[in-house]
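Student: quick one: sequence and predicted model below, then my questions.
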Amino acid sequence: MPYPRELVLDANTLEELRIHVDREIYNHYAERGKWVDNVLQWQKDYWAEPTTKKATFPFLGASTIIIPMTAISVEAIHARVMTTIFGTGQLVSATAKASEWEEIARPVEAMMDHELLKEMKFKDKINSALLSAEKYGTGVGKIGYERIVRKAVRTIGDLEQEVPVVVRDASVVDSVPTTGILMPFSADDPQTAPWVGEEHHDTPYTVRQHENSGLFKQGTMEELKAWVIEHAGTTLTGQERRQEREQEKREKMEPVWPKTLDWVELWLGYDVDGDGQDEEIVVHYHRGASLFMSIRYNWYHDLHRPYRIGVYFPVEHRWTGLGIGKQNEQFQREITTQHRQRLDNAMLANVRMLKVSKLSGYGPGEPVFPGKMWFLDNMDHVDTLQLGEVYNSAFSNEQATQIYSQQRTGVNEVTLGQSPAGTPGTATGDLARLQEGNKKFDYVFANLKGFVDELIMDTAVNLQQFGPRELQYFETVEGGRLARMFFEMPPDLIRHGLLIELNVVGQQHNTVVDRQNWIQIATLLQQYYQGSIQLAQLLGDQQMVQFIGQKGILAATEAMRQILESYDIRNIDRIVLTELLKAPQNGAQPNGGNQPGGTNLLPAGTPASAGPGDVGQTAGVDQFNSLIQSLGGIGQ
């Protein structure tokens, strides 16, 4: 769909809006300066680049190394987070709230995975937001709508004609830099803040594309071009994109040409029609030129704003969080200082020099070699000079500081996959340590998972409003028509999960712990279903035995899938009875084997009304017992 119409405001209202926007942005830049300084310092700690390549103090060649404690912890946590969320190959889990929607839940899962992973490149786009949350404590994601129109030249008959081509007209996902988000510190949620927005920087080409696509009003690029020519080489306040500009310098990747244009996007409430009530509007504004590039009403059905904020570790009453950069700030400096001192002291201790008396008769050019004989008038005329001594306490002090860092961040040798220092412990002890250590990771992962859940829900609401990128999905993909039934429902039912609840499928687990848990669960499944079948036999109810057999094999198949996934086995669908999991759920009824579309798991030819002692029942029970016993023996 095209963007909504531009708002046409009278001159007085437009000037009042400009003053309001300028004042709010100016005040926010004044309050955020120290916070941006902290973020820049945490990024510098993560980069861990020495300030000088070759030190001259306290002596030439002294150590300049920086121990990257922040980077070690961040990369370990980030790898676990990304693997837990995206490692299974499935991103979205759909849970039906009523039995009528159970048949539709799986097609909805498949469509959401297709849109997020294949079309929107969700993993690549949201990677930066999750990494920012781990580093700085705050990550910002955005699920928006974008329309891009480009011109193509096509030959029609004997003439070449320019034809507009819509290359994108759908929901998009993006990560907003931590210091790129604009929101008052007095607010705590983008949805309830007086205003929220972000900094943009685009090349003139991109700005013109937005104008051609209808995002910016016509003539925007010409007005900006005049401002750029008049103010060539000048900056605004020096606050715009500080984090990006500092990182470009650090990486030696500063762009030379073309220069980018800095502008802001704001979602705010403002009374544009003078009726005394604020309307939700969207403003694209260039501060330097005092130019409104576009002004529109909020185009989402439920008037939500597209920004979602995730925190690594929360800070009370603040929308900004606490990250590993802050947690490791003082420990990285202390460990770096101690490590440098230890290296410098060891270097001096290992350097031996000769002190020679002026009366010994030997000069600076005297050769030194093994077995040389020195003829001296006094035994003190030639001696060695040692500048330092190695102290064992230096290493223990560094180790003590490292333990404090591990206690603060929760990243230690066990989570890094390294053997612990000292005497190796038992496997049971390591497993217990791992389970206890995972509690802190589980907490911060739950925070990040909730952040991703909000982005997934925003995507579902956008799909309801704008549709998928390819409408043919509903007609060509298996289950597409069922998914269409869900996305044609009112947006409020989708937003609040009243029909189907959508969440991240990734669970809080470690491979070793998960494997051990499922092996124990397999034994419990064996006891539970065997006891259920025996009770059904005593009752003489063949239909109940059939139902328990069906559910038992489904449970055993799911348990086997979980165990094989914990072992990283490939082609699991070729190993387990995947067809049973995909079978219609209406067959899983006590008499499901006799219903149309039901799944009868008993041997062929078994009569539906067979008694407890019939061969069909015995064969079915024996087959189930054999399967569940083999499952319980895995990993023993």
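Tutor: Structure received.
Student: ok, now which ones touch the residue lying closest to A55 once chain neighbours are set aside?
Tutor: Residue nearest to A55 in three dimensions, not counting chain neighbours: A62, with 4.1 Å by CB to CB, 6 or more residues apart in numbering. For glycine as for every other residue, the C-beta is placed from the backbone atoms N, C-alpha and C. Contact analysis of A62 by CB atoms under 8 Å, 6 or more residues apart in numbering lists 55-56, 340, 344, 347.
Student: ok, D344 next?
Tutor: D344 is in contact with 58-59, 62-63, counting by CB under 8 Å, 6+ apart.
Student: buried subset of these?
Tutor: Buried residues within those, counting neighbours by 16 or more other CB atoms under 10 Å: 62-63.
Student: quick one: the contacts of D344 as a markdown table, columns for pLDDT, secondary structure and distance to L535 too.
Tutor: Formatted as a markdown table, these follow (pLDDT from 0 to 100; DSSP: H, G, I helix; E, B strand; the rest coil; distance: CB to CB, whole Å):
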| residue | pLDDT | secondary structure | distance to L535 |
| --- | --- | --- | --- |
| P58 | 81 | coil | 81 |
| F59 | 81 | coil | 83 |
| A62 | 88 | coil | 78 |
| S63 | 89 | coil | 73 |
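Student: could you dump the contacts of D344 to a markdown table with distance to W299?
Tutor: Below are these laid out as a markdown table (distance: CB to CB, whole Å):
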| residue | distance to W299 |
| --- | --- |
| P58 | 63 |
| F59 | 66 |
| A62 | 60 |
| S63 | 58 |
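Student: nearest to Q43, of the contacts of D344?
Tutor: S63 (23.1 Å; CB to CB).
Student: what ranges does the stretch 251-400 of the chain have for its strands?
Tutor: 261-270, 279-286, 291-297, 307-311, 313-314, 321-322, 352-356, 382-386 (DSSP state E, counting those that start in this stretch).
Student: average model confidence for stretch 184-202?
Tutor: The pLDDT scores in stretch 184-202 average 93.
Student: pretty sure G480 contacts F474?
Tutor: Yes. The criterion here is CB atoms under 8 Å, and G480 meets it with F474 at 4.3 Å.
Student: would you check that R352 makes contact with L385?
Tutor: Yes. The pair R352 / L385 is scored as a contact, 7.2 Å apart, by CB under 8 Å.
Student: want to throw the strands of the stretch 251-400 of the chain into JSON lines with distance to Q247?
Tutor: Below are these laid out as JSON lines (distance: least, CB to CB, whole Å):
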{"stretch": "strand 261-270", "distance to Q247": "16"}
{"stretch": "strand 279-286", "distance to Q247": "24"}
{"stretch": "strand 291-297", "distance to Q247": "26"}
{"stretch": "strand 307-311", "distance to Q247": "21"}
{"stretch": "strand 313-314", "distance to Q247": "23"}
{"stretch": "strand 321-322", "distance to Q247": "20"}
{"stretch": "strand 352-356", "distance to Q247": "45"}
{"stretch": "strand 382-386", "distance to Q247": "45"}
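Student: what about I67, neighbour count?
Tutor: By other CB atoms under 10 Å, 22 other residues sit near I67.
Student: how confident is the prediction for it, by pLDDT?
Tutor: At I67, pLDDT is 93.
Student: G506 now?
Tutor: Reading off the model, G506 has pLDDT 61.
Student: now do M560
Tutor: pLDDT, M560: 86.
Student: ok, it touching D573?
Tutor: No. Applying CB under 8 Å, one finds M560 not in contact with D573, separated by 11.7 Å.
Student: these two: who's more crowded?
Tutor: Shown here are M560 and D573; by other CB under 10 Å, M560 has more neighbours (20 against 12).
Student: do you know how far that one is from Q464?
Tutor: 37 Å (CB to CB, to the nearest Å).
Student: and if you look at E222?
Tutor: 38 Å.
Student: likewise for A11?
Tutor: 39 Å.
Student: and these two? Which one has more around it.
Tutor: Taking other CB under 10 Å, A11 and Q464 do not tie; Q464 has more neighbours (18 against 7).
Student: host element of that one?
Tutor: In this assignment (DSSP states H and E), Q464 forms part of helix 427-466.
Student: same thing with T83?
Tutor: helix 69-86.
Student: helices and strands around the helix or strand that that helix is followed by, which ones?
Tutor: Per DSSP H and E, the first helix or strand lying C-terminal to helix 69-86 is strand 92-96. Packed against strand 92-96 by the contact rule (3 or more CB pairs under 8 Å, 6 or more residues apart in numbering; DSSP states H and E) you find helix 102-113, strand 500-504.
Student: ok, 10 Å please
Tutor: Applying 3 or more CB pairs under 10 Å, 6 or more residues apart in numbering; DSSP states H and E, one finds that strand 92-96 contacts helix 102-113, helix 427-466, helix 480-487, strand 500-504.
Student: buried residues in that strand?
Tutor: 92-94, 96.
Student: L499 - how many residues pack around it?
Tutor: 20.
Student: what separation do you get for it and Q90?
Tutor: 20 Å.
Student: what's around V21, how many residues?
Tutor: V21 sits with 21 neighbouring residues when counted by other CB under 10 Å.
Student: and if you look at M379?
Tutor: 8.
Student: count the residues that sit near the nearest residue to V36 once chain neighbours are set aside.
Tutor: Among residues not flanking V36 along the chain, T179 sits closest, at 5.1 Å (CB to CB, 6+ apart). Neighbourhood size, T179 [other CB under 10 Å]: 25.
Student: assign the residue lying closest to K121 once chain neighbours are set aside to helix, strand or coil.
Tutor: Setting aside the residues directly before and after it, K121 is nearest to V173 in space (CB to CB, 6+ apart), at 7.6 Å. Put simply, V173 is strand when judged by DSSP: H, G, I helix; E, B strand; the rest coil.
Student: okay, now V173: neighbour count?
Tutor: Counted with other CB under 10 Å, V173 comes out at 25.
Student: hey, what's it bridged with?
Tutor: Note on V173: beta-bridge partners by DSSP bridges are I143.
Student: re the thing from before, give me the buried positions along the helix holding Q464.
Tutor: In helix 427-466, counting by 16+ other CB under 10 Å, buried: 431, 437-438, 440-442, 444-445, 447-449, 451-466.
Student: residues contacting the residue nearest to L303 when sequence neighbours are not counted?
Tutor: Residue nearest to L303 in three dimensions, not counting chain neighbours: E280, with 5.0 Å by CB to CB, 6+ apart. By CB atoms under 10 Å, 6 or more residues apart in numbering, the contact list for E280 reads 267-270, 296-300, 303-305.
Student: can you do 7 Å?
Tutor: Neighbouring residues of E280 by CB atoms under 7 Å, 6 or more residues apart in numbering: 269, 297-298, 303.
Student: repeat for V153
Tutor: 160, 162.
Student: which SS class is it?
Tutor: strand.
Student: that one pairs with what?
Tutor: Applying DSSP bridges to V153 gives these bridge partners: E162.
Student: can you pull the pLDDT of P424?
Tutor: 60.
Student: any quick ChimeraX command for the buried ones out of the contacts of E280?
Tutor: Buried residues within the contacts of E280, by 16+ other CB under 10 Å, are selected in ChimeraX with:
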select :298
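Student: show me which pair in the contacts of E280 is furthest apart.
Tutor: G269 and Y297 (11.3 Å).
Student: overlap in contacts of the two?
Tutor: 279-280.
Student: for the residue lying closest to E501 once chain neighbours are set aside, give its distance to K252.
Tutor: Leaving aside its sequence neighbours, E501 sits nearest to T95 (CB to CB, 6+ apart; 4.6 Å). Per CB to CB, T95 is found 49 Å from K252.
Student: hmm, back to that, what's next to the helix holding T83, contact-wise?
Tutor: With CB under 7 Å, 6+ apart as the criterion, helix 69-86 contacts 45-46, 48, 123, 127, 130-131, 134-135, 324-325, 328, 331-332, 335, 405, 409, 411, 415-416, 441, 445, 448, 452, 504, 506.
Student: if you set the cut-off to 8 Å instead, what comes out?
Tutor: Contacts of helix 69-86 (CB under 8 Å, 6+ apart): 42, 45-48, 91, 123, 127, 130-131, 134-135, 324-325, 327-329, 331-332, 335, 402, 405, 409, 411, 415-416, 441, 444-445, 448-449, 452, 504, 506-509.
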